[in-house]
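>>> what's the 3D shape of this:
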Amino acid sequence: MYVVNQYSISHSRACKLFNCSRTTKYYKKIMPGKDEPVSTVIKSVIGSRRRGRKKVIAMIQRTHPHYSSSRIRRVYEQEGYALYTKPTKRRLQTKANPAFIPMEENSEWGIDFMHDVLESGRQIRSFNIIDPFNRLCKGIFINYSMPAKRVTALLEIAIECYGKPASIRTDNGPEFISKRFQLWLKDKGIKWINIRKGKPQENCFIERFNRTAREDLFDANIFLSTADANEKAAIFKDEYNRIRPHESLKNKTPLEYAA
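The predicted structure follows:
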């Protein structure tokens, strides 16, 4: 009727444009009149609350036992009283990869990202590398973005300084599942250990490091630029590796424990 009134065209032409039957204008439902008492009772039971179908049926049948549950359910669903249920997404779960403490250095590296902002409000990302064997921080690299190409380049720098790890543990971020990163791992002969979605405890060593970095580096400083952020990150990394004792290392620093 809106199109007919707005554009002054006939009902048959409007139905032809929208590919619908002309009988929709003349058809009158018969069932709603029959179901009106049931619908009224359902409205009085629900009110302004959220009530499920089973609860509504039970409450109605207390005062109206002659209404069958199938009739109440049909009106309840047809009138749109049913509660919305968000469909659950099926996830392809990888196998569990519980965290463990390696017995030697470079047996495994844990890597992850952190986010922060400059004084100007521009966002930056920090790429962190940790060795779970002695909790040694092997890299904090800060930039505006961290695509897979830059990640592999930064890992090359860390490998040149500390040696190549046997495996690298990551989450399922787009940088790590990318073809470039996977081909780089294969070319280097490094095993990829990916944790399950929603299971950060499987990469607990880097997560614990991220908390320390958040408190002592990112929350404790204001960064003017990425160069300023990297300079302060280098100071934090040196203090973390040489001065800061770790209870898990019997109050030794990572460098003392490695020695």
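>>> and the pLDDT at the closest residue to Arg50 other than its chain neighbours?
Leaving aside its sequence neighbours, Arg50 sits nearest to Leu83 (CB to CB, 6 or more residues apart in numbering; 6.2 Å). Where C-beta positions appear, they are placed from N, C-alpha and C, glycine not excepted. At Leu83, the predicted lDDT confidence score is 78.
>>> what does Gly52 give?
As predicted, Gly52 sits at a pLDDT of 84.
>>> which SS class is Asn128?
What DSSP: H, G, I helix; E, B strand; the rest coil gives for Asn128 is strand.
>>> how deep is it tucked in, by neighbour count?
21 (other CB atoms under 10 Å).
>>> surely it meets Asn210?
Yes: the pair Asn128 / Asn210 is scored as a contact, 6.5 Å apart, by CB atoms under 8 Å.
>>> could you tell me which residues touch both of the two?
Residues touching both Asn128 and Asn210 (CB atoms under 8 Å, 6 or more residues apart in numbering): Asp112, Met114.
>>> looking at this protein, which helix or strand is least sure?
Using mean pLDDT, DSSP states H and E, the weakest-scoring helix or strand in the chain turns out to be helix 2-7, at a mean of 75.
>>> tell me which strands and helices it is in contact with?
Counting contacts by 3 or more CB pairs under 8 Å, 6 or more residues apart in numbering; DSSP states H and E, helix 2-7 packs against helix 11-17.
>>> the stretch 151-259 of the chain: helices as residue ranges?
In the stretch 151-259 of the chain, the helices defined using DSSP state H, counting those that start in this stretch lie at 174-177, 179-188, 204-213, 226-242, 254-258.
>>> could you single out the most deeply buried of the ones you listed?
helix 204-213 (a mean of 18; mean count of other CB atoms under 10 Å).
>>> return the residues in contact with Lys89.
Contacts of Lys89 (CB under 8 Å, 6+ apart): none.
>>> ok but it is inside a helix, no?
No: under three-state DSSP, Lys89 sits outside any helix and is assigned coil.
>>> so where's the stretch 101-250 of the chain uncertain?
Applying pLDDT under 70 to the stretch 101-250 of the chain flags no residue at all.
>>> just to revisit the earlier point, for the residue nearest to Arg50, what are its contacts?
Contacts for Leu83 (CB under 8 Å, 6+ apart) come out as Arg50, Gly52, Arg53.
>>> neighbour-wise, which of those leads?
Neighbour counts for those peak at Arg53, which has 16 neighbours (criterion: other CB under 10 Å).
>>> which residue, other than its chain neighbours, is closest to it?
Tyr76 (5.6 Å).
>>> just to check, the one you found is in contact with Gly52?
No: applying CB under 8 Å, one finds Tyr76 not in contact with Gly52, separated by 9.6 Å.
>>> any idea how far Arg180 is from Gln78?
54 Å (CB to CB, to the nearest Å).
>>> same question, Arg208
Arg208 is 55 Å from Gln78, by CB to CB.
>>> middle-most residue in the chain, spatially?
Gly198 (7.6 Å; CA atoms, centre = their mean).
>>> next one: phi and psi at that one?
Torsion angles at Gly198 (phi, psi; degrees, to the nearest 10) stand at phi 80, psi 20.
>>> follow-up on the earlier one: looking at the contacts of Leu83, spot the one nearest Ser12.
Comparing the contacts of Leu83 against Ser12 with CB to CB places Arg53 closest, at 41.0 Å.
>>> the closest one against Ala82, yeah?
Yes: using CB under 8 Å, Arg53 makes contact with Ala82 at a distance of 6.6 Å.
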